[in-house]
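Trainee: need a structure here:
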Amino acid sequence: MNRIEEKILELTIKYTPSVEVIYEEGETRSVSFENNKLKYVNTKSIRGIGLRVIKDGRIGFSSTTDFRMPEKLVMNALESAKFGQVATFEFPSKNNFPKVAVFDQRVIDYPINKCVETGKDAIEKALSVNPSYECGVGIGKGHGMRRLINSKGLDVNIASTSFGIGIDVLLVKGHSLLWIGEGESSKGLVTDLNKHVDKALKGLRLSEKELKLKTGVYPVIVTAKAMGNLLATFETGCNGKLVQKGASPLTNRLGEKIIDERVSIYDDATIDMADASYPWDAEGTPSRQTPLFEKGVLKNFLFDLQTAGIMKTTSTGNGNRGFASQPSPSNSNVVVNPGNMSLEAMIKDIKYGVLVDQVLGAGQSNILAGEFSVNIDLGYLIENGEITGRVKDCMIAGNAFAVFNNIIAMGNIAEWHGSIKVPPFYFRALNIAGNAD
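Mentor: Numbers count the residues shown, from 1 in each chain. As a prediction, the model looks like this:
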């Protein structure tokens, strides 16, 4: 008996020659600690199928997790095509794909009870420093399989894994709250939670003294952990769908110098074991490294098949989705090349300024326009080249296009935080709403 995805392909071809079926299955297991205690051990499994068709020149789509009535899935997709977008692409045929490592058997073999032990040990280590800390730990692992087949003869499948660890520590002193979170994730096994505990404890030590800061313009270092908020403008601006709609501020600006020539930003799905890596995207287009900015110059936008067709260009292999949705262009891994100054040297270089290590939410940000205004969740005052204490109840504000043309230096080491690999940035001047009377 044929697999369900093959059966659906065969059923649908009777009605239209342009058919694509995506099948996904996966399982995640996670351990969560809250307030220093084990809260739950959870297992979640899912499998589903998505069907995309081009019928009478229009796109139809349907998805389901119920495999008992494939005919209904087919009819729903065909019916939706009557109201779908006009298709500007054809499904791809067989292709050559890069070799990208996304599977680690050690993730599957790693026992869940060891995750529990790791969490307990991390919390004990933190509480040995200060029993008043309230700790949370999250450890999760997952594995899954995706298969993509279409009427052009494409038939690809891949198994992948994921693993994540993290600790957050909360300290309540009177009306003051201090929260620090550290962790990492990968498609491979990452089990060294200790180094993240140490980093959180160091941050807590540096935060013991709370200092006032007047509203003003200061030199600011933004660590790799906090850079995601500032990079969001450039990630979003390079999205081909927003460019197609004319909503991106970067529309019609390819080849222009937009930001400091020391900044090069890439979208790269080909990095072994990185969070958002894959050998082919969810439409069967080969993955690749795409320069977004090279030496400050805007080089490319990111496209899926449909958006590329509308824009009369080719897909960059960024058609991403789950089985329950149609593809849309989105980033894979975002990589910023490092600079040549150490974080320690940046701190020593500042006479009076701020180090921002965590920001809270998106604030009043207008990401598309580059405007940001975010609370400093964890920030430190730097005086005469030394961190002297924590600044709280402060906010940084500015325009990403302006501040990325006002850089003193970039860190010489880039770090992974989720699917972003970025160095710390040392900005000449940022507006800070302070907490001093």
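
Trainee: Specify the beta-bridge partners of residue 210.
Mentor: Under the criterion DSSP bridges, residue 210 forms beta bridges with residue 390.

Trainee: Test my guess that it contacts residue 393.
Mentor: No - using Cβ atoms under 8 Å, residue 210 and residue 393 do not qualify as a contacting pair, with a distance of 9.5 Å. No exception for glycine: its C-beta is placed from N, CA and C like everyone else's.

Trainee: gap between residue 160 and residue 47?
Mentor: Between residue 160 and residue 47 the computed distance is 15 Å (Cβ to Cβ, to the nearest Å).

Trainee: Among these two, which residue is more densely surrounded?
Mentor: residue 160 (21 against 15; other Cβ atoms under 10 Å).

Trainee: With adjacent residues omitted, what lies nearest to the more buried one?
Mentor: residue 102 (4.2 Å; Cβ to Cβ, 6 or more residues apart in numbering).

Trainee: can you pull out the helices in this structure?
Mentor: Using DSSP state H, the helices found in the chain span residues 4-13, 70-80, 105-109, 112-129, 194-206, 228-237, 240-244, 305-310, 343-349, 400-403.

Trainee: would JSON lines of these with mean pLDDT be doable?
Mentor: Formatted as JSON lines, the helices of the chain follow (pLDDT from 0 to 100):
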{"stretch": "helix 4-13", "mean pLDDT": "96"}
{"stretch": "helix 70-80", "mean pLDDT": "97"}
{"stretch": "helix 105-109", "mean pLDDT": "98"}
{"stretch": "helix 112-129", "mean pLDDT": "97"}
{"stretch": "helix 194-206", "mean pLDDT": "97"}
{"stretch": "helix 228-237", "mean pLDDT": "92"}
{"stretch": "helix 240-244", "mean pLDDT": "96"}
{"stretch": "helix 305-310", "mean pLDDT": "98"}
{"stretch": "helix 343-349", "mean pLDDT": "98"}
{"stretch": "helix 400-403", "mean pLDDT": "95"}
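
Trainee: Make TSV out of the ones you listed and add distance to residue 420 and mean neighbour count.
Mentor: Output for these, formatted as TSV (distance: least, Cβ to Cβ, whole Å; neighbours: other Cβ atoms under 10 Å):
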stretch	distance to residue 420	mean neighbour count
helix 4-13	33	19
helix 70-80	35	18
helix 105-109	21	13
helix 112-129	24	16
helix 194-206	17	17
helix 228-237	5	21
helix 240-244	19	21
helix 305-310	23	22
helix 343-349	17	16
helix 400-403	15	19
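
Trainee: Compile those into JSON lines and extend it with columns for distance to residue 32.
Mentor: What follows is those, written out as JSON lines (distance: least, Cβ to Cβ, whole Å):
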{"stretch": "helix 4-13", "distance to residue 32": "33"}
{"stretch": "helix 70-80", "distance to residue 32": "35"}
{"stretch": "helix 105-109", "distance to residue 32": "18"}
{"stretch": "helix 112-129", "distance to residue 32": "8"}
{"stretch": "helix 194-206", "distance to residue 32": "16"}
{"stretch": "helix 228-237", "distance to residue 32": "23"}
{"stretch": "helix 240-244", "distance to residue 32": "35"}
{"stretch": "helix 305-310", "distance to residue 32": "38"}
{"stretch": "helix 343-349", "distance to residue 32": "31"}
{"stretch": "helix 400-403", "distance to residue 32": "34"}
